[in-house]
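*Asks:* pasted the sequence and its predicted model underneath.
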Amino acid sequence: MQEQEAKAYFSKELLAWYRVQKRDLPWRRSRDPYHIWVSEVMLQQTRVETVKPYFERFVALFPTVDALARAPEETVLKAWEGLGYYSRARNLQSAAREVSERYGGTVPDTKERFAALKGVGPYTAGAVMSIAFNRREPAVDGNVMRVLSRYFCIEEDVAKGGTRAMMERLQYELIPEGEASDFNQAIMELGALVCTPKSPHCLTCPVMERCAGRLEGKEESLPIKTKAKPPRPEYRACALVVSEDGGSVLLRKRPATGLLADMWELPHVEFAAMGWPAAMADAAVGDALAGWLGAELGPEASGAVRPAEPVGVAEHTFSHIHWNLRVHRLTAAAAEGAPLREPYRWVDRAGMEVHPLPNVFVRLLKAEGFIPA
DNA sequence: AATCCGGGGTT
DNA sequence: AACCCAGGATT
């Protein structure tokens, strides 16, 4: 049957190509399932080149499941600072604590047990089971969806759940006996190096001859995917309050759930939540922001917070929200000695080393000279 | 099935 | 300016 030949050809040629072309990546130098696990979580929605330095630092800081389990959450978040999707770090540590307590620190080698851990979905479960334990499990990520949809000319919407399930069955069939680890890495490697999203490099592809998508001239229009909604705009006023001596900055800790959970940040407030017009002039923003922050900090500080000067606009786009931050420098001299209400805190430069901040605020503090660039 | 959850590199 | 990246949790 022609279909079976196309599948056997794909598996054989891809595996041969991978043995020659595989990249030397930090997590490929380890056989430790914990290291493979950490790498897979970091690689969720994140590029290889971005992950490399984070992975090296993370496994140096937390070499074992038990070490990660014992660490303070803030230390883990600090090691994750700048990577994004911070719930990955919190879930990974939560899962490490479960593995430490329930399995004595040994990563479970069955899909059922491993997949039950926090932050481990169908992809990560399949990836760690196949790569670390060579178990025959599919691991369908964006690369696999793209490669399979092109090679087999599958025109289903890859954003649909049913398409993913179909891809998992297909990938399972393609795994050569005893080759799950290399094969799953090979198909992802092909997607990353050759079968790229735009303008795939078909002339260097090991399975070009029998690629149905290319033979149909559809290699650039596949995979078919419904496009995401554009992020909604949020207009916010943001306070940069540096202490009189210039040594500390006013930060606050975010709530334990939702956007940027448990991270630290400069105080800010949404215009719409305060009934302020989005087009408010700088002077008015400074006054309104000072009034708001004074009330936030409590009766002792109320009235002590004063506007100083507009700093400018900082913009930051999340996948679903676009922040437009009107940043103002404020003074709060009279409030510096008074006790601060939760979740606010004065943080000095040494303290910045242990408080995890989203990149948008790190950039802001560097631009304003509070953190060395 | 939608929506929420970061940040940045490619084209 | 899109697009999308070795996705998962929540609703």
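*Replies:* Thanks, I have it. None of these values were measured; they are calculated from a predicted model.

*Asks:* quick one, strands of chain A?
*Replies:* In chain A, the strands defined using DSSP state E lie at A:232-241, A:248-253, A:264-265, A:268-270, A:306-317, A:321-331, A:344-348.

*Asks:* for DNA strand C, what's the nearest residue on the stretch 201-350 of chain A?
*Replies:* At 4.5 Å from DNA strand C, A:Lys227 is the closest residue in the stretch 201-350 of chain A, using Cβ to the nearest atom of the strand. (Each C-beta comes from the backbone N, C-alpha and C, glycine too.)

*Asks:* residues near that residue, how many?
*Replies:* Burial measure for A:Lys227: 6 neighbouring residues, criterion other Cβ atoms under 10 Å.

*Asks:* show me what from the stretch 51-200 of chain A comes close to DNA strand C.
*Replies:* Proximity of the stretch 51-200 of chain A to DNA strand C is confined to A:85, A:87, A:91, A:118-125, A:127, A:141-143, A:146, A:185, A:188-189, A:191-192, A:197 under the rule Cβ under 7 Å from any atom of the strand.

*Asks:* what's around the residue of chain A at minimum distance from DNA strand B, how many residues?
*Replies:* Nearest to DNA strand B in chain A, going by Cβ to the nearest atom of the strand, is A:Gly84, at a distance of 2.6 Å. As a burial measure, A:Gly84 scores 17 neighbours (other Cβ under 10 Å).

*Asks:* what sits against the spatially closest residue to it that is not a sequence neighbour?
*Replies:* Excluding its sequence neighbours, the residue lying closest to A:Gly84 (Cβ to Cβ, 6 or more residues apart in numbering) is A:Thr46, at 7.1 Å. By Cβ atoms under 8 Å, 6 or more residues apart in numbering, the contact set of A:Thr46 is A:83-85.

*Asks:* please repeat the previous calculation with a cut-off of 10 Å.
*Replies:* Residues in contact with A:Thr46 (Cβ atoms under 10 Å, 6 or more residues apart in numbering) are A:54, A:83-85, A:88.

*Asks:* where does pLDDT dip in chain A?
*Replies:* Chain A contains residues with pLDDT under 70 at A:1, A:302, A:334-337.

*Asks:* domains of it?
*Replies:* Domain assignment for chain A by automatic domain parsing gives A:2-215, A:232-367.

*Asks:* how close does A:Val313 get to A:Trp323?
*Replies:* 10 Å (Cβ to Cβ, to the nearest Å).

*Asks:* so those two - more neighbours on which side?
*Replies:* A:Trp323 (18 against 11).

*Asks:* surely the more buried one touches A:Leu266?
*Replies:* No - contact criterion Cβ atoms under 10 Å: A:Trp323 and A:Leu266 do not qualify, at 11.8 Å.

*Asks:* what sits in contact with each of the two?
*Replies:* By Cβ under 10 Å, 6+ apart, the residues touching both A:Trp323 and A:Leu266 are A:238, A:314, A:360.

*Asks:* which among those residues are in contact with DNA strand B?
*Replies:* A:Val360.
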